[in-house]
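Trainee: Next input, structure requested:
(one chain, ligands or ions: 1)
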Amino acid sequence: MSILVVGEQRDGALNQMSLETLAAARQMGVQLNLPVHAALFGKGAAQAAAALPAAVTVIEHPLLESYTADAASLAVRQLIEKLSARVVLFPHTYQVRDYAPKLATSIDRVLVSDVIAHQVDGAALTLVRQLFHGKVNAAVRFTGEPPFFASLQAGAYRADTLQAAPASVEGFTPQIAPEQVRSRPLELFRESARAVDLSAADIIVSVGRGIKDPENLPLIEQLAKALNAEIAASRPICDNGWLPMERQVGSSGQTVAPKMYMAIGISGAIQHLVGMKGSKIVVAINKDPEAPIFEIADYGIVGDLFQVVPALIEALKK
Ligand SMILES: Cc1cc2nc3c(=O)[nH]c(=O)nc-3n(C[C@H](O)[C@H](O)[C@H](O)COP(=O)(O)OP(=O)(O)OC[C@H]3O[C@@H](n4cnc5c(N)ncnc54)[C@H](O)[C@@H]3O)c2cc1C
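Mentor: This is a model prediction of the structure:
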């Protein structure tokens with residue numbers, strides 16, 4: 001019995017959420033007294049395995065070179081059987097959303113998706129996931145026999161808590177017949193050249209409707225430059241076309257977990273908070289002392305952003 005983390009990589013580059021999933025698995029492993037294994041598949045998996053501080057199994061098969069849900073679910077299922085995995089954890093990525101429910105249902109199990117926390121009581125594992133755009137937290141417990149499947153929300157667990165651990169890499173070749181793969185992979189979807197991966201940013205300066213006019217955005221850009229930060233925004237800013245959609249943070253935008261998230265002129269609506277509450281430090285600048293963003297902020301500045309931001313830029317330049 002073990003906990004299996006099925007990570008994700010593309011062309012040898014590990015998806016950082018795999019490390020968060022490993023961090024969660026380690027916590028559960030201590031609490032449930034189970035060893036933790038990790039697995040990767042797809043072209044470049046052996047290279048990406050080096051970035052995962054764990055006992056990693058690289059699932060190797062020519063039919064895994066280009067991703068398909070059919071091949072991925074068949075392959076991971078065979079590894080689960082080989083390792084007698086009790087709990088199988090995935091990062092809640094688009095790819096996982098594609099194949100993990102198929103894998104779980106293929107052995108008559110469910111996938112508890114987008115988990116934000118867990119509790120262990122004896123040998124019982126309780127998972128917490130959000131409903132209604134984060135307004136309600138639901139505690140979910142598995143019934144029946146393992147394996148139990150769950151995917152973890154980006155930023156819910158911190159990868160920087162991962163302790164160094166003995167790492168090893170071994171191979172595993174599953175049995176997959178060509179006729180079992182019913183879809184034909186085409187070229188991977190690529191976002192426009194301007195697309196940014198905010199989830200990889202260490203510092204994010206995020207701007208909301210408090211900025212009032214797109215002509216004021218250069219002020220935020222100056223601050224972001226001074227902090228070497230990425231710019232993000234709340235939804236109205238992107239809906240208005242003031243910043244590209246790919247910079248939107250929240251339930252219908254990206255989920256981010258930087259070391260520092262600076263929310264400027266953002267009220268802190270729940271749909272925004274669910275996308276950034278995993279940030280290590282939240283700094284909020286808002287002229288309304290009652291703004292909900294202050295409830296989750298580590299540092300809050302109550303004031304007019306048009307006075308506070310220039311002063312911050314000045315101080316940073318010094
Ligand atoms: C289905 C659904 C999905 C959604 N998805 C998202 C999402 O992914 N991301 C998202 O962000 N929102 C999302 N929303 C919208 C969300 O509900 C809020 O409307 C939005 O987050 C508000 O953006 P805001 O904080 O920039 O604007 P506002 O709520 O208008 O807040 C502006 C803030 O700026 C402050 N302010 C004004 N002037 C100044 C000044 N001079 N100095 C300092 N502070 C100032 C105000 O006090 C206020 O707190 C979604 C909504 C729905 C229904």
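
Trainee: any idea what the closest residue to Thr126 other than its chain neighbours is structurally, helix, strand or coil?
Mentor: Nearest residue to Thr126, sequence neighbours excluded (CB to CB, 6 or more residues apart in numbering): Gln119, at 4.6 Å. (Each C-beta comes from the backbone N, C-alpha and C, glycine too.) Under DSSP: H, G, I helix; E, B strand; the rest coil, the three-state class of Gln119 is strand.

Trainee: Gln95 too?
Mentor: Gln95 ends up helix, using three-state DSSP.

Trainee: For the ligand, what's the nearest residue on the stretch 51-200 of the chain?
Mentor: Of all residues in the stretch 51-200 of the chain, His133 sits closest to the ligand, at 6.3 Å by CB to the nearest ligand atom.

Trainee: That residue looks like it's in a helix, true?
Mentor: No: checked against three-state DSSP, His133 lies outside a helix; its state is coil.

Trainee: Spit out the contact partners of it.
Mentor: Residues in contact with His133 (CB atoms under 8 Å, 6 or more residues apart in numbering) are Ser251, Ile270, Gln271, Val274.

Trainee: what about the second one, how many neighbours?
Mentor: Which is Ile270. Number of residues near Ile270 (other CB atoms under 10 Å) recorded here: 15.

Trainee: Now it. Nearest residue, chain neighbours left out?
Mentor: For Ile270, ignoring the flanking residues on the chain, the nearest one in space by CB to CB, 6+ apart is Gly134 at 4.9 Å.

Trainee: can you tell me how far the one you found sits from Asn15?
Mentor: As for Gly134, its distance to Asn15 is 23 Å (criterion: CB to CB, to the nearest Å).

Trainee: Next, the buried residues of stretch 73-89.
Mentor: By 16 or more other CB atoms under 10 Å, the buried positions in stretch 73-89 come out as 73-80, 83, 85-89.

Trainee: Report how many residues lie close to the residue nearest to Thr126.
Mentor: A total of 12 residues lie near Gln119 under the criterion other CB under 10 Å.

Trainee: That one is in contact with Arg141, isn't it?
Mentor: No: at 9.7 Å, Gln119 and Arg141 do not qualify as touching, with contact defined as CB atoms under 8 Å.

Trainee: Now for those two: what residues contact both?
Mentor: Counting by CB under 8 Å, 6+ apart, the common neighbours of Gln119 and Arg141 are Leu125, Thr126.

Trainee: give the contact list for Leu64.
Mentor: Counted by CB under 8 Å, 6+ apart, Leu64 has contacts Phe41, Gly42, Lys43, Ala45, Ala71, Ala72, Ala75, Ile176.

Trainee: Please give the element, helix or strand, for the residue most central in space within the chain.
Mentor: Centroid-nearest residue in the chain, with CA atoms, centre = their mean: Ala154, separated by 2.0 Å. Per DSSP states H and E, Ala154 falls between elements, in no helix or strand.

Trainee: Can you give me the pLDDT of the residue nearest to it when sequence neighbours are not counted?
Mentor: Take Ala154 and drop its neighbours on the chain: the residue closest to it by CB to CB, 6+ apart is Thr255, 4.2 Å away. As predicted, Thr255 sits at a pLDDT of 86.

Trainee: measure Thr255 to the ligand for me?
Mentor: 9 Å (CB to the nearest ligand atom, to the nearest Å).

Trainee: what about that residue, neighbour count?
Mentor: Applying other CB under 10 Å, I find that Thr255 has 21 neighbouring residues.

Trainee: Kindly report the same for Phe149.
Mentor: By other CB under 10 Å, the burial measure for Phe149, its neighbour count, is 26.

Trainee: For it, list the residues it contacts.
Mentor: Contact analysis of Phe149 by CB under 8 Å, 6+ apart lists Val88, Phe90, Ala100, Leu103, Ala104, Arg109, Val110, Leu111, Val112.

Trainee: that older thread, can you tell me which residues contact the residue nearest to Ala154?
Mentor: Residues counted as contacts of Thr255 (CB under 8 Å, 6+ apart) are Gln153, Ala154, Gly155, Ser199, Val249, Val274, Gly275, Met276, Gly278.

Trainee: Let's see that with 6 Å instead.
Mentor: Applying CB atoms under 6 Å, 6 or more residues apart in numbering, we find Thr255 in contact with Ala154, Gly155, Gly275.

Trainee: now those residues as CSV including pLDDT?
Mentor: As requested, the contacts of Thr255 are arranged in CSV below (pLDDT from 0 to 100):
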residue, pLDDT
Ala154, 81
Gly155, 76
Gly275, 89
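
Trainee: and those as CSV, adding distance to Leu312?
Mentor: Shown next, in CSV, are the contacts of Thr255 (distance: CB to CB, whole Å):
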residue, distance to Leu312
Ala154, 28
Gly155, 25
Gly275, 23
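
Trainee: give me the subset of those touching the ligand.
Mentor: When contact is defined as CB under 6 Å from any ligand atom, the contacts of Thr255 meet the ligand at Gly275.
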